[in-house]
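A.B. asks: What shape does this take:
(one chain, ligands or ions: 1)
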Amino acid sequence: MKLIQVKDYQEMSQKAADIVIEKVKTNPQIQLGLATGGTPEGLYDRLIADHKENHTSYEQVKSFNLDEYIGLSSTNPNSYHYYMAHTLFNHIDINQEDTNLPNGTAENIQEECVRYDEMIDKMGGIDLQILGIGQNGHIGFNEPGTSFASKTQVVDLAQSTIEANARYFNSIDEVPTQAVTMGIASIMKSKEIILLVSGVAKSEALKQLIDGDITEEFPASILKNHQNVTIIADQDALSKVHVQRGSASRD
Ligand SMILES: O=P(O)(O)OC[C@H]1O[C@](O)(CO)[C@@H](O)[C@@H]1O
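C.D. replies: Below is the predicted model:
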């Protein structure tokens, strides 16, 4: 894993935006894997600003999101469909029909999981996946204990995830307890991954990722087995890590 150390959330977001914009310009048909949550908001803001200023076009880009809550329709402001529309898609020239998220209200959710993986495979896979990390090491909504062989699946959210995400809801009781998420194996198929990590709340997770072993008890640890991962982490997130410049491996 390559590590880019940055000062703060702003610099992390700018660095990530610079990379994404460059890749979209080089390959206008790039297939992007996108994440939600607080972490990528700054990245999306910068993609929008660049689109407005420099006219970087997403007309031929296709996108695939990691996850969606079970039971929230796309018009629910807490759904990830809504988040993506309002945080990014409505502000750039990507075609609505080229944006994909798992459907958390599908009648047959198991079929939906299979459909989602097959669709991504059929379209040639994800070129660049943007990832955040949960405080417990989750990627997508794959919580500790998830099989590294997992494909897109329905998961029970960990209590710590429900608590962390309650900030977006009126009360913790409104947070769905389940989600549909791309599995670990689905995520690992991406040709390239950028992991964004910011803030002291993620410092323990980042330390575990860099210093710890590869174990299903810490889902993000599988990223060490991927050939092309770049971590962009800020000083607060790195506060518990002793790293050599540019390298996030122990060796
Ligand atoms: O960026 P946050 O809000 O800390 O969330 C961490 C991760 O958890 C998720 O919300 C769950 O998928 C991711 O989208 C995100 O990367």
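A.B. asks: need the residues of the stretch 1-150 of the chain near the ligand, please.
C.D. replies: Residues of the stretch 1-150 of the chain found near the ligand (Cβ under 6 Å from any ligand atom) are 35-39, 66-67, 132, 134, 140-141. For every residue, glycine as well, the C-beta is placed using N, CA and C.
A.B. asks: which residues sit in contact with the closest residue to the ligand within the stretch 101-250 of the chain?
C.D. replies: Residue nearest to the ligand within the stretch 101-250 of the chain: Gly132 (2.2 Å; Cβ to the nearest ligand atom). Neighbouring residues of Gly132 by Cβ atoms under 8 Å, 6 or more residues apart in numbering: 35, 37-40, 139, 195-197.
A.B. asks: Next, format those residues as CSV and append distance to Phe89 and pLDDT.
C.D. replies: Below are those laid out as CSV (distance: Cβ to Cβ, whole Å; pLDDT from 0 to 100):
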residue, distance to Phe89, pLDDT
Ala35, 14, 98
Gly37, 16, 96
Gly38, 18, 96
Thr39, 18, 98
Pro40, 13, 98
Ile139, 22, 98
Leu195, 22, 98
Leu196, 19, 98
Val197, 24, 98
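A.B. asks: What about those residues, which are in strands?
C.D. replies: When DSSP state E is applied, these are split such that 195-197 fall in strands.
A.B. asks: In TSV: the residues you listed, plus neighbour count and distance to Met1.
C.D. replies: Listed next are the ones in strands among the contacts of Gly132 as TSV, based on neighbours: other Cβ atoms under 10 Å; distance: Cβ to Cβ, whole Å:
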residue	neighbour count	distance to Met1
Leu195	26	8
Leu196	27	13
Val197	25	11
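A.B. asks: Tell me the one of these nearest Tyr58?
C.D. replies: Nearest to Tyr58 among the ones in strands among the contacts of Gly132 is Leu196, at 19.3 Å by Cβ to Cβ.
A.B. asks: nearest residue to that closest one other than its sequence neighbours?
C.D. replies: Of all residues not flanking Leu196 in the chain, Thr39 sits nearest, at 5.0 Å (Cβ to Cβ, 6 or more residues apart in numbering).
A.B. asks: and the one you found, what is it in contact with?
C.D. replies: 132-133, 196-198.
A.B. asks: Which two of those have the greatest separation?
C.D. replies: Going by Cβ to Cβ, the pair spanning those furthest: Ile133 and Ser198, at 10.0 Å.
A.B. asks: looking at the residues of the stretch 1-150 of the chain next to the ligand, which has the most residues close by?
C.D. replies: Of all these, the highest neighbour tally under other Cβ atoms under 10 Å goes to Gly140, namely 30 neighbours.
A.B. asks: from what I can see it touches Leu66, true?
C.D. replies: Yes: between Gly140 and Leu66 there is a contact under Cβ atoms under 8 Å: 4.1 Å.
A.B. asks: joint contacts of these two?
C.D. replies: Common neighbours of Gly140 and Leu66 (criterion: Cβ under 8 Å, 6+ apart): 35, 131, 181-182, 187.
A.B. asks: Present the residues you listed as CSV; the columns should include secondary structure.
C.D. replies: Listed next are the shared contacts of Gly140 and Leu66 as CSV, based on DSSP: H, G, I helix; E, B strand; the rest coil:
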residue, secondary structure
Ala35, coil
Leu131, strand
Thr181, strand
Met182, coil
Ile187, helix
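A.B. asks: which of those sit farthest apart?
C.D. replies: Leu131 and Thr181 (11.9 Å).
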